[in-house]
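here is a sequence with its predicted model. Questions after.
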Amino acid sequence: LVDGVPIPNTNTGVDVGTPFYINDIDYLEAQRGSYSVEYGDRTYGLFSIIPRTGFGSNKQGELGFIYGNFNLTDNFISFADHTKRFAYYTSLHGFRTDYGLATPGPEVLHDKASGLGGFASIIYSPSRANQIRFNASFERDNYQVPNDREAHDAGVSDLARQRDAFLFLKWVHTAGPHFVLTVSPLYHYTAGQFVGGPEDKPLIPRHDRSSHYGGLHAVATAATSRHS
């Protein structure tokens, strides 16, 4: 879930990258069981991401660079600001490394990786009883599939690619101290690809699994003196 909105994804088994950048997360909650009825369609762990927003930032920007072994770079830039009724947060990040996925042996052969992603959050409160939130994210990661010495000498150059993007609009309405309504139209695209190299023999493998999700998520909560 991102900001309380479930982001559907059945491509978990083919994903090799992260669908959400850690610097864009304000805090993360994990649920392992005894789910509420609104999450009843899940039989495994639930992770709720609360993204960063512009509230608490006054014309603030962040810039970060990391360099490490295997020519690893992980770079990040963000901007955030807010007024009494409006707040925004936006970020862009990119990485590259010569050691992406775990290798089948001690040698690091054909194992470069790179990625680019971004996130944006906009919050607007037209009145005390209504708030509109917009969240959008994209991730584009490319990984070379590491070789052992035999495959490397044969010229094998397989690739793994991941694409992920989502956007949703969330309307939060409160009616008095005991009733809250949220309505969120959403869209999510996710894809995991395995692309065989031109020198693969006798066959060039290719696996392409992509999914488009669209929907509307609505939750109404009413609290009485002892129950919700």
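Great, that's in hand. Numbering: from 1, shown residues only.

point out where the chain drops to low pLDDT.
Where the chain drops to pLDDT under 70, the residues are 10-15, 33-45.

okay, strands next: where are they in it?
Taking DSSP state E, the strands of the chain run over residues 25-31, 46-51, 60-64, 67-68, 72-82, 86-97, 113-127, 130-144, 159-174, 179-195, 206-222.

by how many degrees do the first one and strand 113-127 diverge?
Angle, strand 25-31 to strand 113-127, by axes from the mean of the first three to the mean of the last three C-alpha atoms, to 10 degrees: 90 degrees.

over to the fifth one?
Our comparison of strand 72-82 with strand 113-127, counting by the same axes, to 10 degrees, yields an angle of 10 degrees.

same deal with the third one?
Using the same axes, to 10 degrees, the direction of strand 60-64 lies 170 degrees away from that of strand 113-127.

between strand 60-64 and strand 86-97, how many degrees?
Using the same axes, to 10 degrees: strand 60-64 against strand 86-97 is 0 degrees.

got the CA coordinates for strand 60-64 in PDB?
Output of strand 60-64 as PDB, limited to C-alpha atoms (Å, rounded to 0.1, in the frame of the first residue of the first chain):
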ATOM      1  CA  GLN A  60      13.900  22.700   0.900                       C
ATOM      2  CA  GLY A  61      16.100  20.700  -1.500                       C
ATOM      3  CA  GLU A  62      18.400  17.700  -1.000                       C
ATOM      4  CA  LEU A  63      21.200  16.400  -3.200                       C
ATOM      5  CA  GLY A  64      23.100  13.200  -2.500                       C
END
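
follow-up on the earlier one: same list, the strands of the chain, but as TSV with distance to E107 and mean neighbour count please.
Any C-beta I mention is one placed from the backbone N, CA and C, and that applies to glycine too. Conversion of the strands of the chain to TSV gives the following (distance: least, C-beta to C-beta, whole Å; neighbours: other C-beta atoms under 10 Å):
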stretch	distance to E107	mean neighbour count
strand 25-31	35	11
strand 46-51	35	16
strand 60-64	31	11
strand 67-68	19	10
strand 72-82	18	17
strand 86-97	16	18
strand 113-127	17	18
strand 130-144	14	19
strand 159-174	19	18
strand 179-195	22	17
strand 206-222	25	12
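
need the ones you listed in CSV (columns: distance to L1).
As requested, the strands of the chain are exported to CSV (distance: least, C-beta to C-beta, whole Å):
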stretch, distance to L1
strand 25-31, 9
strand 46-51, 4
strand 60-64, 25
strand 67-68, 32
strand 72-82, 22
strand 86-97, 18
strand 113-127, 15
strand 130-144, 11
strand 159-174, 11
strand 179-195, 11
strand 206-222, 9
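
correct me, but A222 touches L181?
No: between A222 and L181 there is no contact, the gap being 9.4 Å when judged by C-beta atoms under 8 Å.

and the nearest residue to L92 once chain neighbours are set aside, what is it in contact with?
Among residues not flanking L92 along the chain, G118 sits closest, at 4.7 Å (C-beta to C-beta, 6 or more residues apart in numbering). G118 sits next to T90, S91, L92, H93, S137, F138 when contact means C-beta atoms under 8 Å, 6 or more residues apart in numbering.

nearest to V2 among these?
Of all those, S137 has the smallest distance to V2: 7.8 Å, by C-beta to C-beta.

residues contacting the closest residue to the closest one other than its chain neighbours?
Once flanking residues are discounted, S137 sits nearest to F119: 4.6 Å by C-beta to C-beta, 6+ apart. For F119, the contact set (C-beta under 8 Å, 6+ apart) comprises F20, Y21, D24, P51, Y89, T90, S91, N135, A136, S137.
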